[in-house]
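> What shape does this take:
(one chain, ligands or ions: 1)
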Amino acid sequence: MLSHYPKIPIDPLAFSGMTFRVRYPKILDEVINSNLYNQEIRARLHNLKSQLDTLVVKRIHENDPLWEVFYADYEEKNLNDLPFFDAEVYLFAYILHLTDYDRVGTDPFSTIKSQDLEKNQATFDTILLESKDWDTPDFVLGSLHGNKSDLSQLKSAEELSIQLLLDDRPQLLHDFECATHVDMILDNAGMELFSDLMLVNHLVDRYGHQIKLHIKSAPIFVSDVIQSDIDNLLSLLAAHGAKDFADAITNKIEQEQIIVQANPFWTSPQHFSQLPVDLITPHSLLLSKGDANYRRFFEDRIIPSTQPSASLIKYLKHPTYCIRTLKSDIQTGLTEVQCITLDSQEIDWKVNGTRAVIQMLH
Ligand SMILES: O=P(O)(O)OC[C@H]1O[C@](O)(CO)[C@@H](O)[C@@H]1O
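Predicted structure coming up:
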């Protein structure tokens, strides 16, 4: 039972504490310096940065069922005293509130994202060329490698070698053969989105799958995909030597072989255990990308890494695979020997982005 395990807190001595002490002030600086906002909004963001450790949760969502439990539990509490995941999701919602996102529609992280896109332009072409010889396991691995490059954390990690701790690709290949529908919970824009689109393009061509891509309805965790990220990537590809690939994706979207769906669930503090019944296609194979989604399967709780996932995710209705680089303090399903070896190799193996899993949860 998940509820037997406590939620990961913001611990000053752990990754969570470092995130609020070091990573978020740096991210706020990047937003402030990106010239997207007038002086008044920049001043609000400066204020937020200087008050991060004393920020008190105020209600910024009205009559939103996805946030009611959150406010019932945490309104007027210090952000530092919230579980790590809840505090992070609120912080991003608060940034959107301060920048008036709902009215103005400016993605606070758009400058960071577009710089990254430009930087990767040549790499997209190289990968497309290399992929001519790829088969399904390579596209899955490509999608995993894309997850190394999230903009909130591992900006220059392209060349980091990655160690696969769990590799359930044989089962996944079998499930691809049987599936008619695949739902993919996307994670980051840029290189990761590109590698995910390569995978789903292949799945449609090879297996005739109908794909649903789940994206965020508003910016969160810096680089999570929103609709404009898909549009911008496809435009860039079409304009710079990858027109065939961009056209292939656009055609599949037009013919509804690929459906893109944004839902506010994904920017709410809710977890997979609270997934609305109709959000995922019935009988679909579920692919989940990235670290933040992985945390959501386990309600971001403190779980021993040797704990098998099966007993914790009984609520899942779909065969589910996580394609994920480890970037935070949670991992399930490892052997004792693996954990002892990893602990002896590097104390920060769970968060430094050099390990990964392709893990079947169901
Ligand atoms: O883009 P991903 O792979 O979900 O990673 C997001 C990162 O931000 C975090 O939410 C931590 O702030 C972690 O889950 C992870 O380190």
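
> quick one, helices of the stretch 101-250 of the chain?
For the stretch 101-250 of the chain, applying DSSP state H, counting those that start in this stretch gives helices covering 101-104, 110-130, 136-146, 169-178, 191-207, 227-239, 243-254.

> among the ones you listed, which is the most enclosed?
helix 191-207 (a mean of 22; mean count of other Cβ atoms under 10 Å). In this view, the C-beta of every residue, glycine as well, is placed from N, C-alpha and C.

> so that one versus helix 227-239, what angle?
Here helix 191-207 runs at 70 degrees with respect to helix 227-239, directions being taken by axes from the mean of the first three to the mean of the last three Cα atoms, to 10 degrees.

> for residue 301, which residues make a bridge with it?
Under the criterion DSSP bridges, residue 301 forms beta bridges with residue 7.

> I figured it was touching residue 9, is that so?
No. Proximity of residue 301 to residue 9 does not meet the contact threshold set by Cβ atoms under 8 Å, at 10.6 Å.

> Which residues of the chain lie near the ligand?
When proximity is defined by Cβ under 6 Å from any ligand atom, the chain lies next to the ligand at 19, 88, 147, 150, 152-153, 187-188, 221, 290-292, 295, 327-328.

> quick check, nearest of the residues you listed to residue 204?
Using Cβ to Cβ, residue 187 is the member of the residues of the chain next to the ligand that lies nearest residue 204, at 20.0 Å.

> what residues are up against the nearest residue to that closest one once chain neighbours are set aside?
Of all residues not flanking residue 187 in the chain, residue 290 sits nearest, at 3.1 Å (Cβ to Cβ, 6 or more residues apart in numbering). Listed by Cβ atoms under 8 Å, 6 or more residues apart in numbering, the contact set of residue 290 reads 147, 150, 187-188, 192, 323-325.

> let's go with 7 Å and repeat that
For residue 290, the contacting residues are 147, 187-188, 324, by Cβ atoms under 7 Å, 6 or more residues apart in numbering.

> between those residues, which has the most around it?
When neighbours are counted by other Cβ atoms under 10 Å, residue 188 leads the contacts of residue 290 with 30 neighbours.

> Look up which residues are beta-bridged to it.
When bridges are assigned using DSSP bridges, the partners listed for residue 188 are residue 224.

> confidence score at it?
What the model reports for residue 188 is a pLDDT of 96.

> Numbering from 21 from now on, please.
Fine by me, first position is 21 from now on; the one you just mentioned is residue 208.

> That one and residue 244 touch, don't they?
Yes. Using Cβ atoms under 7 Å, residue 208 and residue 244 qualify as a contacting pair, with a distance of 6.2 Å.

> contacting residues for the residue nearest the centre of the chain?
For the chain, the residue sitting closest to the mean C-alpha position, by Cα atoms, centre = their mean, is residue 207 at 3.1 Å. In this structure, residue 207 makes contact with 167, 170, 244, 309-310, 312-313, judged by Cβ under 7 Å, 6+ apart.

> how about a cut-off of 10 Å?
Counting by Cβ atoms under 10 Å, 6 or more residues apart in numbering, residue 207 makes contact with 163, 166-167, 170, 213, 216, 235-236, 241, 243-245, 308-314, 343-345.

> Strands along this structure, start to end?
183-187, 201-205, 230-235, 278-282, 305-309, 340-345, 375-380 (DSSP state E).

> Quick check: which helices or strands does the third one pack against?
For strand 230-235, the packing partners by 3 or more Cβ pairs under 10 Å, 6 or more residues apart in numbering; DSSP states H and E come out as strand 201-205, helix 211-227, helix 247-259, helix 263-274, strand 278-282, strand 305-309.

> want to try a markdown table for those, with distance to residue 60 as columns?
Formatted as a markdown table, the entries for the helices and strands packed on strand 230-235 read as follows, by distance: least, Cβ to Cβ, whole Å:
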| stretch | distance to residue 60 |
| --- | --- |
| strand 201-205 | 36 |
| helix 211-227 | 32 |
| helix 247-259 | 24 |
| helix 263-274 | 38 |
| strand 278-282 | 29 |
| strand 305-309 | 36 |
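
> okay, now residue 187: neighbour count?
Counted by other Cβ under 10 Å, the residues lying close to residue 187 total 16.

> if I look at the closest residue to it other than its chain neighbours, how far off is the ligand?
Nearest in space to residue 187, with sequence neighbours left out and distances taken as Cβ to Cβ, 6+ apart, is residue 378 at 5.3 Å. From residue 378 across to the ligand, the span is 14 Å (Cβ to the nearest ligand atom, to the nearest Å).
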